[in-house]
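Enquirer: Please work out how this folds:
(chains A, B, C and D)
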Protein chains: 2
Amino acid sequence: MNELTQRQREVLGFIQSTQSRLGAPPTLREIAGHFGFRSLTAAADHVRALRHKGVLTGPPRRARGLRVVSAAKTRRVMVEIPIYGAISAGFAQDRQQETKGCVPVDLASLGIPSTARTFALEVHGDSMIGRHIMDGDLVILEHGMNPRNGDVVAALIDNESTLKTLVMERGKSWLRAENPKYPLLTPAQELVIQGVMVALIRKRQG
Amino acid sequence: MNELTQRQREVLGFIQSTQSRLGAPPTLREIAGHFGFRSLTAAADHVRALRHKGVLTGPPRRARGLRVVSAAKTRRVMVEIPIYGAISAGFAQDRQQETKGCVPVDLASLGIPSTARTFALEVHGDSMIGRHIMDGDLVILEHGMNPRNGDVVAALIDNESTLKTLVMERGKSWLRAENPKYPLLTPAQELVIQGVMVALIRKRQG
DNA sequence: TTCATAACTGCACATAAATACAGTATCGCA
DNA sequence: TGCGATACTGTATTTATGTGCAGTTATGAA
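Expert: Next comes the predicted model:
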């Protein structure tokens, strides 16, 4: 009953990110514009559903009157940073339970578009040193994003999340490993692409 | 010139408190209602004055379009990101005027300690590729921080901010350039160290 | 004095925004 | 088969909101 659909999660995520980015929730027009709706009613329907399910509130008939209810859970995009390899097969659903570490990061403040499917990986080892990704770096990824040729993606190999470079050639996709432990090229179709790298954060060693 | 009157401070305070309380800035009517103005123009005048004095911004003719600028001073550390080379000799004082680009970044959310002397540089070229710092990366630096051996620091060379590696040996400090354009080693005493790198942010190419 | 500015009142107006209403299409379910 | 929910298109209507114009009062500087 209280479950949100995929689309509703996307709309809620957009409302949240707009709130933290601009300091005010979006209008129905802005929601419709962001998702490409040609009708305001589409956005209004989603907002009505989110209101009905209790995750949105606020006075009616007021400009930018939306308020996200579960502020503690959802006001900011909290990126979950699992220890290397913690993400396993049942990705989308079980993500919450399987993360061992969690660091809150406000991606909107970085100008990085963040949705409900944004997550992060802490890099272990020098396997991606060819792409200048170092041990200890934080890689921000987006699940379900359409990758482009040369993008760094996370794939599930031997029950571990591994970063690879996506290579598209003659209509086929390959994953180029920068880690000698694995074959240099792997057909992308055989693997689950967990996410596409959208940003990287490196901190000075404490 | 830039001083706010007592009344203007009150209005600004109300806008700020409404923003943090409700998640959106107030409308002119709400401002007028709170202060007992019987005319909207009173509120509009104050907002116009606050805009003119630079503490308020945001798009015009938009519902709840006000945005408080002073966030940089009070709430969040907004990091100024000058285009490469924009930082020149008069560093601390003239920083505001000389920045060409500016991106607000909430460093606290990254777990990076940020002070008034935190700033950032956008990296141009591959001169720091040896430290896996790529073209287009955002380097967050701290001015006045005590550097450690091997830290990446920004130094002023030929009126440009240049990233170098600090090497300490036998009580002496050297700057190791990763850029063939400059001598490999430079005595650190002869140069002004503008800041020590504390973090790095890399975004996916749009 | 005159002028500028701050701090308002009061009204009119254009538009930004939310909402209502009437449909269409798909899907799972009983 | 019908029903409800989801996910939309398209149009119209009402409300909310920002802004413009004209005028008042007070204060302080030229």
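Enquirer: who in chain A is up against DNA strand C?
Expert: Proximity of chain A to DNA strand C, by C-beta under 7 Å from any atom of the strand, involves residues A:27-30, A:40-41, A:44, A:47, A:60-66. Where you see a C-beta, it was placed from the backbone N, CA and C, and this is true even at glycine.
Enquirer: These: which ones sit near DNA strand D?
Expert: Counting by C-beta under 7 Å from any atom of the strand, the members of the residues of chain A next to DNA strand C near DNA strand D are A:40, A:41, A:61, A:62, A:63, A:65.
Enquirer: ok, the first one touching residue A:32?
Expert: Yes: under the criterion of C-beta atoms under 8 Å, residue A:40 makes contact with residue A:32 at 5.6 Å.
Enquirer: Can you tell me the closest non-neighbouring residue to residue A:14?
Expert: Setting aside the residues directly before and after it, residue A:14 is nearest to residue A:34 in space (C-beta to C-beta, 6 or more residues apart in numbering or on different chains), at 5.6 Å.
Enquirer: In a helix, that neighbour, correct?
Expert: Yes: judged by DSSP: H, G, I helix; E, B strand; the rest coil, residue A:34 forms part of a helix.
Enquirer: more crowded one of residue A:40 and residue A:32?
Expert: residue A:32 (19 against 14; other C-beta atoms under 10 Å in any protein chain shown).
Enquirer: Shouldn't residue A:8 be within a strand?
Expert: No: judged by three-state DSSP, residue A:8 forms no part of a strand; its state is helix.
Enquirer: That one and DNA strand C: what is the separation?
Expert: Using C-beta to the nearest atom of the strand, to the nearest Å, residue A:8 is found at 15 Å from DNA strand C.
Enquirer: Enumerate every residue touching that residue.
Expert: A:46, A:49, A:50, A:53 (C-beta atoms under 8 Å, 6 or more residues apart in numbering or on different chains).
Enquirer: and with 10 Å instead?
Expert: Taking C-beta atoms under 10 Å, 6 or more residues apart in numbering or on different chains, we find residue A:8 in contact with A:45, A:46, A:47, A:49, A:50, A:53, A:55, A:56, A:116.
Enquirer: Thought residue A:168 was touching residue A:153, still the case?
Expert: No: assessed by C-beta atoms under 10 Å, residue A:153 is found out of contact with residue A:168, at 11.4 Å.
Enquirer: Which one's more surrounded, these two?
Expert: residue A:153 (21 against 14).
Enquirer: now that one, what's its secondary structure?
Expert: strand.
Enquirer: That one and DNA strand C, how far apart?
Expert: For residue A:153, the distance to DNA strand C equals 28 Å [C-beta to the nearest atom of the strand].
Enquirer: which ones are touching that residue?
Expert: Here residue A:153 is in contact with A:141, A:145, A:147, A:162-166, A:173, A:175, A:188, A:191, A:193-197 (C-beta under 10 Å, 6+ apart).
Enquirer: low-confidence ranges in chain A?
Expert: Residues of chain A that meet the criterion pLDDT under 70 lie in A:1-3, A:20, A:67-120, A:122, A:124-125, A:143-144, A:156-161, A:179-192, A:206.
Enquirer: So what's the residue count around residue A:28?
Expert: For residue A:28, the number of neighbouring residues by other C-beta under 10 Å comes to 19.
Enquirer: I'd assumed residue A:62 was in contact with it.
Expert: No: contact criterion C-beta under 10 Å: residue A:28 and residue A:62 do not qualify, at 12.0 Å.
Enquirer: ok so, going back, I'd like to know which of the residues of chain A next to DNA strand C are buried.
Expert: A:27, A:28, A:30, A:47, A:64, A:65, A:66 (16 or more other C-beta atoms under 10 Å in any protein chain shown).
Enquirer: Would you check which pair of these lies furthest apart?
Expert: A:30 and A:65 (13.3 Å; C-beta to C-beta).
Enquirer: What residue spans form the domains of chain A?
Expert: Chain A breaks down by automatic domain parsing into domains covering A:6-74, A:91-201.
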